[in-house]
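Novice: Here is my input, please return the structure:
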Amino acid sequence: MKFRKLSALFLSVMMLVSTTGCEQAQVANYDINQNAENLTDEEKQKLAEYFEQAANQLREGEVPSGLLTDTEGTGQPEAKTEAAKEPETKTEEKADPLKKEKENAAKEAEFYKLDETGHANVTLEEILAHYRGVDETALDGIIAEMDQYDQENKNDPEPEKTVTELYKLLDEMYAYEDAQETMSGVIYNLDTTVTENGDKAAADSTKLTLLSNKAKMAVKRVLEGPYADALKEVIDAHKVEKFLATKELSDRGRELEEANDKLVVEYKAVLNEPLTVTYEGIDYSFEDISDEKIEATIRNTVETMLQKELAAKVYPIYHQLIVNRNELAKEYGYENYAEYAYKEVYGRDYTTGEIKALADEMFNMISGLMISSLFLRGDASLAAFTYTESNEAMLETLKNQITTVVPELEESISYLIDNKLYTFGSEKVRAPGAFMAPMRPLRSGFVYVTRTETGNDYETITHEFGHFNNAYRVSESPLALTQHLDILEVHSQGLELLGSSTLSNVFPDAKGDFSANTVFDMTQNITSALMVAAFEIACYEKPDMTLEEMNMEFGKYMMICMTGGNAEAAPESGIWAEIHHIFESPLYYSAYAISALSALDIYAGYLDNPEEGVKRYVDLSYIDPNLPYKEAVNKVGLRDMTQKENISAVIDTITQKFNDKMFSGDGNVLETIGQLFGMLLLDYLEKEK
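Specialist: Now for the predicted structure:
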């Protein structure tokens with residue numbers, strides 16, 4: 001900025017010096033109405049002194065004296081006319097280097113205008129119409145200004161105040177770009193057959209990764225400078241640690257991130273391609289085997305064939321993702337991506353080794369509860385019920401039922417319904433699965449669910465609403481936020497358990513126990529999550545596995561985690577190819593296991609003291625999202641469920657409660673248990689033929 005001022009000054013004076021025939025003017029008492037070549041040595045000296053004086057004044061941020069002309073020869077500056085003053089006014093308007101960024105922030109803030117409760121009242125339809133794509137230059141001006149404060153800035157009388165204001169603007173603007181990336185992902189998920197949308201989603205994901213790295217590096221530089229204390233006043237301590245640990249993404253790192261985003265889109269495209277296998281002269285697809293008229297043994301055989309065929313198609317994609325991610329992890333100083341993700345991406349306070357140990361032992365630890373809940377649930381399996389209620393009716397039912405257990409949820413579920421912040425559908429073009437997408441500008445998020453038209457839809461929406469409620473209660477900036485999924489998934493799975501007592505009102509024809517069904521599903525979540533988690537860790541630790549070896553690895557962990565059987569007798573399995581988290585959110589799955597165990601901890605407390613159990617759940621929904629798992633659960637009175645003694649204590653409590661209930665003389669329960677035992681026995685005898 002100073003260089004440009006000096007250059008302009010020099011050119012202005014030289015133009016005056018070289019001009020003839022103009023009115024008398026003075027610069028520092030020197031007559032410049034003559035050619036430069038006619039200057040005497042004394043006059044040249046005066047001119048040199050003037051330039052030196054002007055330069056010093058510019059350095060101090062002052063307007064150099066002597067630039068105003070004296071047409072009357074009085075030695076006093078000429079009074080400016082209105083026309084002459086106008087350029088000075090325009091200069092003042094341009095003085096704010098962040099005028100554009102502030103205007104953009106104001107426009108976004110107007111769109112996401114917050115009401116008296118602190119939330120934006122815009123619908124999902126309006127949000128998606130607001131999509132423009134991630135602007136990779138959106139933060140450049142703010143970053144350039146912040147870089148003037150990584151060392152002492154003598155030109156700013158209030159540098160500490162400026163630094164905090166710059167950070168707040170950076171934080172706000174990044175949240176708007178993060179929201180754009182979320183939008184592009186949802187737009188693509190709504191119709192994965194539109195290749196252009198897939199390309200945009202991949203590009204936006206890459207842009208946001210680069211934007212995040214640039215922003216965090218800028219904050220890091222200030223945190224390592226003289227104004228660090230001022231910045232630490234407005235940034236959470238856990239985030240400060242994250243900022244300081246940031247490493248600048250290399251050119252190779254950028255290439256790998258971009259390649260990975262494209263590979264994920266390629267994987268989704270493969271999922272939408274037709275896939276069939278031939279068995280006993282008949283062609284079958286995944287859709288075909290959903291027909292319950294097909295004999296179970298044929299269905300199981302064909303499903304296994306289809307999974308292995310899909311695995312063969314996506315293996316090259318997954319293998320390349322493993323290679324790329326391991327290379328990326330080594331750029332950050334880690335042995336493999338599993339270690340990197342556990343520490344840096346998810347901020348876990350437990351290791352891959354601890355998860356592998358739990359995977360080896362969990363079935364034996366939890367099998368007693370699994371059997372008790374299986375017998376007690378009877379026919380109360382949500383997957384067995386057809387459920388075709390409209391989206392609106394389903395949400396109203398959920399609202400009426402869940403608030404009888406947790407009254408505090410009234411406000412957040414009403415907000416979800418009133419603003420239509422959800423998209424539920426069963427269209428074939430939709431990406432499978434369900435998720436809640438948090439959006440800081442909304443101070444909440446929105447829910448995406450691909451329906452199955454079974455009772456599972458109701459449970460899925462309960463699950464995702466648990467996430468939504470947390471986003472409504474605590475909306476944290478996405479910049480440098482570590483997603484502590486081990487806590488986030490407690491919000492969802494905990495609500496499933498607390499709401500299970502109301503399911504008999506939604507599905508009154510069932511004779512079994514829905515709470516037991518939910519617990520049984522939770523035990524399955526724990527063992528299956530550990531199965532996937534251990535498999536993923538193995539893939540990154542042994543990146544050169546062939547397709548057959550990978551299928552065998554998954555079969556091994558399926559045998560260990562799901563049946564407690566001998567790993568050496570495990571068959572090959574291609575189920576992993578259907579699990580989209582493995583491709584899109586690597587190493588995510590262990591969070592399902594740890595959080596489900598904590599959800600059972602909440603439920604065990606609820607069975608002893610309902611009021612206390614609900615309170616712990618509500619307290620957790622307000623927890624600071626920057627807190628890692630162990631710190632967070634301890635804060636609300638829950639146990640660390642990475643520790644085997646705590647796991648055993650929770651499992652024993654619920655098992656005893658279920659056993660007491662099962663043998664309390666409930667005729668319906670005992671009748672259902674008898675029917676279930678008969679079915680299992682017949683199935684066993686059939687297999688033994």
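
Novice: Can you point out the buried residues in stretch 370-379?
Specialist: Burial within stretch 370-379, assessed by neighbour count using 16 or more other Cβ atoms under 10 Å, is assigned to 370, 372, 373, 374, 375, 376, 377, 378, 379. Backbone N, C-alpha and C define where each C-beta goes, glycine included.

Novice: and the gap between the last one and residue 623?
Specialist: Which is residue 379. Between residue 379 and residue 623 the distance is 37 Å, computed by Cβ to Cβ, to the nearest Å.

Novice: Got the domain ranges for this protein?
Specialist: Partitioning the chain according to automatic domain parsing yields domains covering residues 2-93, 334-420+454-688.

Novice: Quick check: chain neighbours aside, which residue is closest to residue 168?
Specialist: residue 234 (6.9 Å; Cβ to Cβ, 6 or more residues apart in numbering).

Novice: follow-up on the earlier one: now tabulate the buried residues of stretch 370-379 in CSV and tack on secondary structure and pLDDT.
Specialist: Converted to CSV, the buried residues of stretch 370-379 look like this (DSSP: H, G, I helix; E, B strand; the rest coil; pLDDT from 0 to 100):
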residue, secondary structure, pLDDT
370, helix, 94
372, helix, 92
373, helix, 94
374, helix, 91
375, helix, 89
376, helix, 92
377, helix, 91
378, coil, 89
379, coil, 90
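
Novice: How about the contacts made by the residue most central in space within the chain?
Specialist: Nearest to the mean C-alpha position of the chain, by Cα atoms, centre = their mean, lies residue 483 at 6.5 Å. Counting by Cβ atoms under 8 Å, 6 or more residues apart in numbering, residue 483 makes contact with 345, 346, 347, 625.

Novice: Now stretch 285-293: buried residues?
Specialist: For stretch 285-293, using 16+ other Cβ under 10 Å, the buried residues are 286, 289.

Novice: Let me know the average pLDDT across the longest helix along the chain.
Specialist: In the chain, with assignment by DSSP state H, the single longest helix is helix 296-331. The predicted model assigns helix 296-331 a mean pLDDT of 95.

Novice: Looks like the residue nearest to residue 168 contacts residue 167 (just checking).
Specialist: Yes. Between residue 234 and residue 167 there is a contact under Cβ atoms under 8 Å: 6.3 Å.

Novice: number of nearby residues for residue 139?
Specialist: For residue 139, the count of nearby residues is 22 (other Cβ atoms under 10 Å).

Novice: What does it show for phi and psi?
Specialist: With angles defined as degrees, to the nearest 10, residue 139 sits at phi -100, psi 0.

Novice: related to what we said a few turns ago, what's around the residue nearest to residue 168, how many residues?
Specialist: Residue 234 - counted by other Cβ under 10 Å - has 12 other residues nearby.

Novice: number of nearby residues for residue 249?
Specialist: Neighbouring residues of residue 249 were enumerated by other Cβ under 10 Å; the total is 21.

Novice: And the nearest residue to it once chain neighbours are set aside, what's its pLDDT?
Specialist: The shortest distance from residue 249 to any non-neighbouring residue, by Cβ to Cβ, 6+ apart, is to residue 213 (4.4 Å). Here, the pLDDT recorded for residue 213 equals 94.

Novice: List the contacts of residue 484.
Specialist: 346, 347, 348, 625, 626, 627, 628, 629, 632.

Novice: The third one: neighbouring residues, count only.
Specialist: Residue 348 is flanked by 25 other residues according to other Cβ under 10 Å.

Novice: State the distance from it to residue 324.
Specialist: Taking Cβ to Cβ, one finds residue 348 at 22 Å from residue 324.

Novice: same question, the fifth one
Specialist: Shown here: residue 626 relative to residue 324, a distance of 29 Å by Cβ to Cβ.

Novice: ends of stretch 437-444, how far apart?
Specialist: 9 Å (Cα to Cα, to the nearest Å).

Novice: Hmm, residue 257 and the residue nearest to residue 249 touching each other?
Specialist: No. In this structure residue 213 lies outside contact range of residue 257 using Cβ under 8 Å: 9.1 Å.

Novice: and the next element down the chain from the strand or helix carrying residue 539?
Specialist: If you go by DSSP states H and E, residue 539 is part of helix 514-541. The helix or strand immediately downstream of helix 514-541 is helix 547-563, counting by DSSP H and E.

Novice: if we can go back for a sec, got the buried residues for the longest helix of the chain?
Specialist: Going by 16+ other Cβ under 10 Å, helix 296-331 has these buried residues: 299, 301-308, 310-311, 314-315, 317-319, 321-329.

Novice: Confirm that the residue nearest to the centre of the chain sits in a helix.
Specialist: No. Judged by DSSP: H, G, I helix; E, B strand; the rest coil, residue 483 forms no part of a helix; its state is coil.

Novice: Give me the distance between it and residue 593.
Specialist: Relative to residue 593, and taking Cβ to Cβ, residue 483 is found at 16 Å.

Novice: got it, and residue 505?
Specialist: 30 Å.

Novice: Comparing those two, which shows the higher neighbour count?
Specialist: Higher neighbour count among residue 505 and residue 593: residue 593, with 27 against 12, using other Cβ under 10 Å.

Novice: ok, back up a step: would you mind measuring from the residue nearest to the centre of the chain to residue 171?
Specialist: Counting by Cβ to Cβ, the gap from residue 483 to residue 171 is 17 Å.
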